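Novice: model the structure of this input:
(one chain, ligands or ions: 1)
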Amino acid sequence: MPSTASSAAVSTVVVVGTGGTIAGVAERADDHVGYKAGQLGAQALVAVVPALAERTDLVIEAETLASLDSCDMDHGTWLALRERVSTLLARPEVAGVVVTHGTDTLEETAYFLHRTLELAAKPVVFTAAMRPATALSADGPQNLLDAVTLAARSGASGVLVAFAGRVYAGADLRKVHGYRVEAFDAGDAGPIGVMADGRLRRFRPWPEEPAHAAAAALPAAGAWPTVDIVTSHAGARGGVIDALVAAGARGLVIAGTGNGSVHRSLVEAARRAEAAGVVVRRASRCQLGGVVGTRPDALPSAGMLSAPQARIELLLDLIAAAR
Ligand code: ASP
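Specialist: Predicted coordinates for the structure are as follows:
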């Protein structure tokens, strides 16, 4: 399993693969779209980065936890990843863990780990790629090299993301572009730093660990409450919310327009849902920013959380309330 070992090795970084475009394979090198995600295991991703094999100060282990296109990410995989990363971080020689992931839902998995994983002052560094491993100029190998460098760095901590030369806090991340290699942004928070020629230039402190409301054992994924996201838009129909409640939703996040405005037909349906015991939160469908301030008659605000983050918070709240 270890791809690199040396008598001078002082610490270990474990690369955990979950799939994504970084592990994607296309039939042609100029095909950035018609590829299949999650085809290569983590060992294969490490093997194509010679600079990783040259690290005599590091043992690099690689293991494949899942082989998903991250658009299909699920709660069971989140739990398995949380448990595996927690076990790896508990090994004294492990300096940090790298998670390779699809870009589509990376911000959700990163936020889930940020909120539920006790990190013991070590880093968990997510990385990914916008181009498959077979592309002429694949972005995955450099991103992986930067992620391992960051995970091995003494003093680094928190759930981090190394992508396209930037280092972000996992909790600040938003995917803002569907195709460009620079697909992520951290909005007003900005990146924590940049990776330049293998070195980190850090602009601000590592992210603080939040209070882990759900640090205790989480129930099996099948026992999680159903929380859905509904988007507000011109011509929105409240019947969508009624249907979700009828289908068992216990929580709803409404991705409102602008600063969390919600179409009146959705507001009326959301009030019916609340009367039936469903918890409703109001976020924004804008890529960056959140919901600033509130009016007395408005649905409860999710504040600066994105709609997918608000969904995770609501899941954790409902799980905690059911204990
Ligand atoms: N659909 C891919 C995924 O999220 C996209 C990517 O990784 O860039 O797995």
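Novice: pull the contacting residues for residue 225.
Specialist: Residues near residue 225 by CB atoms under 8 Å, 6 or more residues apart in numbering: 250-251, 315, 318-319, 322. In short, each C-beta sits where N, CA and C put it, glycine included.
Novice: name the single longest strand found in the protein.
Specialist: Taking DSSP state E as the criterion, the chain has its longest strand at strand 58-68.
Novice: is the ligand contacted by that strand?
Specialist: No: Strand 58-68 stays clear of the ligand (CB under 6 Å from any ligand atom), getting no nearer than 6.7 Å.
Novice: and the gap between the residue of the stretch 151-300 of the chain found nearest the ligand and residue 166?
Specialist: Going by CB to the nearest ligand atom, the ligand is nearest to residue 183 of the stretch 151-300 of the chain, at 7.3 Å. Here the criterion is CB to CB, to the nearest Å. By it, residue 183 lies 11 Å from residue 166.
Novice: do the same with residue 190
Specialist: Separation of residue 190 from residue 166 (CB to CB): 9 Å.
Novice: neighbour count for these two, which is higher?
Specialist: residue 166 (18 against 14; other CB atoms under 10 Å).
Novice: surely that one and residue 195 touch.
Specialist: Yes: Residue 166 is in contact with residue 195 according to CB atoms under 8 Å; the separation is 7.4 Å.
Novice: who touches both of these two?
Specialist: Common contacts of residue 166 and residue 195 (CB under 8 Å, 6+ apart): none found.
Novice: on that earlier part again, which residues do residue 183 and residue 166 both contact?
Specialist: Residues touching both residue 183 and residue 166 by CB under 8 Å, 6+ apart: none at all.
Novice: count the neighbours of the closest residue to the ligand within the stretch 101-250 of the chain for me.
Specialist: Minimum separation of the stretch 101-250 of the chain from the ligand (CB to the nearest ligand atom) falls at residue 102, amounting to 2.0 Å. Residues lying near residue 102 (other CB under 10 Å) number 24.
Novice: residue contacts, the nearest residue to it once chain neighbours are set aside?
Specialist: Once flanking residues are discounted, residue 102 sits nearest to residue 70: 2.6 Å by CB to CB, 6 or more residues apart in numbering. If you count contacts by CB under 8 Å, 6+ apart, residue 70 has them with 18-20, 37, 101-106, 109.
Novice: lowest-confidence entry in those?
Specialist: Within the set of those, pLDDT is lowest for residue 37 (95).
Novice: not counting its neighbours along the chain, what's nearest that residue?
Specialist: Residue nearest to residue 37 in three dimensions, not counting chain neighbours: residue 69, with 3.9 Å by CB to CB, 6+ apart.
Novice: do residue 86 as well
Specialist: Going by CB to CB, 6+ apart, residue 86 has residue 117 as its nearest residue, at 6.1 Å.
Novice: what does stretch 203-210 contact?
Specialist: 114-115, 118-119, 123, 155-160, 169-171, 190-193.
Novice: correction: stretch 287-298
Specialist: With CB under 8 Å, 6+ apart as the test, stretch 287-298 has contacts from 174, 176, 185, 187-188, 256, 259-260, 282-284, 301-306.
Novice: re the thing from before, quick check, nearest of the contacts of residue 70 to residue 28?
Specialist: For those, the residue nearest residue 28 by CB to CB is residue 37; the value is 16.0 Å.
Novice: neighbours of residue 137, how many?
Specialist: Residues lying near residue 137 (other CB under 10 Å) number 9.
Novice: equivalent analysis for the one 3 residues further on, please.
Specialist: Residue 140: 25 surrounding residues under other CB under 10 Å.
Novice: pretty sure it contacts residue 147?
Specialist: No: Residue 140 is beyond contact range of residue 147, at 10.1 Å (criterion: CB under 8 Å).
Novice: which residues touch the spatially closest residue to residue 110 that is not a sequence neighbour?
Specialist: Closest residue to residue 110 apart from its sequence neighbours, by CB to CB, 6+ apart: residue 170 at 3.2 Å. By CB under 8 Å, 6+ apart, residue 170 lies in contact with 107, 110-111, 113-114, 124, 126, 158-161, 207.
Novice: repeat that for 10 Å
Specialist: Contact analysis of residue 170 by CB atoms under 10 Å, 6 or more residues apart in numbering lists 99, 106-115, 124-126, 158-161, 186, 207.
Novice: so residue 250 touches residue 223, yeah?
Specialist: No: counting by CB atoms under 10 Å, residue 250 sits too far from residue 223 to count as a contact (11.7 Å).
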